[in-house]
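Engineer: Would you be able to build a 3D model of this:
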Amino acid sequence: MNHATRSATDETALLALFEELALSAGREIMRHYEAGVRVERKSDASPVTEADRAAERIILTGLRSSVSGTPCVSEEEASCGVLPACVDEGFFLVDPLDGTREFIEHRPDFTVNIALIKNAAPVVGVVYAPARGLLYSGRIGGAFEVECREGVEKSRRQICARLRRNPPAILASRSHSTPETEDFIARYPGAHTVSIGSSLKFCMLARGEADLYPRFGRTMQWDTAAGDAVLRAAGGRTLTLDGELLTYGPREGEGLEAFANPFFIAEGRA
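Structural biologist: Residues are numbered from 1 along each chain as shown. The predicted structure is shown next:
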């Protein structure tokens with residue numbers, strides 16, 4: 001087996017593992033969703049719930065027991081100062097519950113995000129929206145939408161980003177709109193705008209239902225990596241404002257700040 005074949009096989013196995021862990025975490029999240037949640041505040045005043053922590057435990061336990069030696073960078077651990085010393089050989093990025101505000105307000109746009117980063121790029125990723133019963137997964141060579149019922153896969157189809165339409169459909173964050181975002185949308189007269197929460201914006205691009213997602217606000221790498229992996233697998237891309245592909249891994253700064261993203265624009269097929 002040559003290196004390219006072995007790499008593809010490894011990524012297929014990882015994708016299956018990511019899907020299994022995301023579904024397990026999603027079942028636990030929905031248990032809390034239906035029972036009600038108690039909201040706490042982290043040091044940066046952002047909300048956190050026991051569902052975030054429980055989902056993270058499921059995912060990290062599964063990753064560390066199945067793939068030993070690969071560092072994990074996960075939101076709740078990172079918020080507590082737990083970060084690996086080195087991620088040069090590749091690492092996992094995990095957001096166990098992206099869209100905590102949507103979760104708290106009982107809106108269905110929250111997701112479970114798991115990604116593998118290699119050479120500063122997201123090469124395998126899973127985004128699971130348990131309240132919607134939809135899972136998106138991708139690795140180089142293909143992206144998929146999986147319909148689930150009660151955390152169990154029912155059907156699967158391949159998805160592909162579309163060529164940009166004119167005027168385009170532009171995705172905007174429901175919770176984080178900015179003047180820069182409004183200015184960007186104004187560049188496209190007649191553009192149709194859609195508001196949706198969490199990493200599902202990347203998935204809408206990946207499935208060919210929208211064209212652009214500008215983000216002129218703070219995000220962390222675990223917010224975007226899994227959705228970006230699905231989008232790239234579907235033929236799209238995520239660019240910085242300089243027109244370069246968005247990269248992953250520690251940047252300037254210490255602690256959490258080393259994993260902050262620059263502003264970016266995600267798009268379907270150019």
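
Engineer: Could I get the pLDDT score of residue 19?
Structural biologist: Note for residue 19: predicted pLDDT of 97.

Engineer: ok, now how distant is it from residue 139?
Structural biologist: Distance from residue 19 to residue 139, counting by C-beta to C-beta, to the nearest Å: 11 Å. Placement of C-beta: from N, CA and C, glycine included.

Engineer: Which one's more surrounded, the two?
Structural biologist: residue 139 (25 against 21; other C-beta atoms under 10 Å).

Engineer: what about the more buried one, distance to residue 221?
Structural biologist: Going from residue 139 to residue 221 by C-beta to C-beta gives 18 Å.

Engineer: domain assignment for this protein?
Structural biologist: Residue ranges for the domains of the chain, per automatic domain parsing: 3-159, 169-267.

Engineer: Residue 21 belongs to a strand?
Structural biologist: No - judged by DSSP: H, G, I helix; E, B strand; the rest coil, residue 21 forms no part of a strand; its state is helix.

Engineer: right, and it touches residue 58 too?
Structural biologist: Yes - counting by C-beta atoms under 8 Å, residue 21 touches residue 58, with 6.5 Å between them.

Engineer: quick one, helices of the stretch 151-270 of the chain?
Structural biologist: With helices called from DSSP state H, counting those that start in this stretch, the stretch 151-270 of the chain shows them at 179-186, 200-206, 221-233.

Engineer: Which one of residue 21 and residue 58 is surrounded by more residues?
Structural biologist: With neighbours defined as other C-beta under 10 Å, residue 21 and residue 58 compare such that residue 21 has more, 24 against 21.

Engineer: wait, what's in contact with the more buried one?
Structural biologist: 58, 59, 62, 63, 114 (C-beta atoms under 8 Å, 6 or more residues apart in numbering).

Engineer: So the residue lying closest to the third one once chain neighbours are set aside versus residue 69, what's the distance?
Structural biologist: Put plainly, it is residue 62. Nearest in space to residue 62, with sequence neighbours left out and distances taken as C-beta to C-beta, 6 or more residues apart in numbering, is residue 21 at 4.4 Å. Look at residue 21 and residue 69: by C-beta to C-beta, they are 17 Å apart.

Engineer: Please, which helix or strand holds the nearest residue to residue 150 once chain neighbours are set aside?
Structural biologist: Nearest residue to residue 150, sequence neighbours excluded (C-beta to C-beta, 6+ apart): residue 27, at 7.7 Å. Taking DSSP states H and E as the criterion, residue 27 maps to helix 3-35.

Engineer: which other helices and strands contact whatever helix or strand comes next after that helix?
Structural biologist: Once helix 3-35 ends, the next helix or strand along the chain (criterion: DSSP H and E) is strand 40-41. Applying 3 or more C-beta pairs under 8 Å, 6 or more residues apart in numbering; DSSP states H and E, one finds that strand 40-41 makes contact with strand 47-48.

Engineer: pLDDT averaged over the helix or strand just after the strand it packs on, what's the number?
Structural biologist: Using DSSP H and E, the helix or strand that follows strand 47-48 in sequence is helix 50-66. Rounded to a whole number, the mean pLDDT of helix 50-66 is 96.

Engineer: Restrict helix 50-66 to CA atoms and write it as PDB.
Structural biologist: Extracted C-alpha coordinates of helix 50-66, given in PDB (Å, rounded to 0.1, in the frame of the first residue of the first chain):
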ATOM      1  CA  GLU A  50     -22.900  20.900  31.700                       C
ATOM      2  CA  ALA A  51     -23.900  19.800  28.200                       C
ATOM      3  CA  ASP A  52     -20.700  21.400  26.800                       C
ATOM      4  CA  ARG A  53     -18.600  19.600  29.400                       C
ATOM      5  CA  ALA A  54     -20.300  16.300  29.100                       C
ATOM      6  CA  ALA A  55     -20.000  16.300  25.300                       C
ATOM      7  CA  GLU A  56     -16.300  17.200  25.500                       C
ATOM      8  CA  ARG A  57     -15.600  14.300  27.900                       C
ATOM      9  CA  ILE A  58     -17.200  11.900  25.400                       C
ATOM     10  CA  ILE A  59     -15.300  13.200  22.400                       C
ATOM     11  CA  LEU A  60     -11.900  13.600  24.100                       C
ATOM     12  CA  THR A  61     -12.100  10.200  25.800                       C
ATOM     13  CA  GLY A  62     -12.900   8.600  22.500                       C
ATOM     14  CA  LEU A  63     -10.100  10.400  20.600                       C
ATOM     15  CA  ARG A  64      -7.400   9.800  23.200                       C
ATOM     16  CA  SER A  65      -8.300   6.100  23.500                       C
ATOM     17  CA  SER A  66      -8.500   5.500  19.800                       C
END
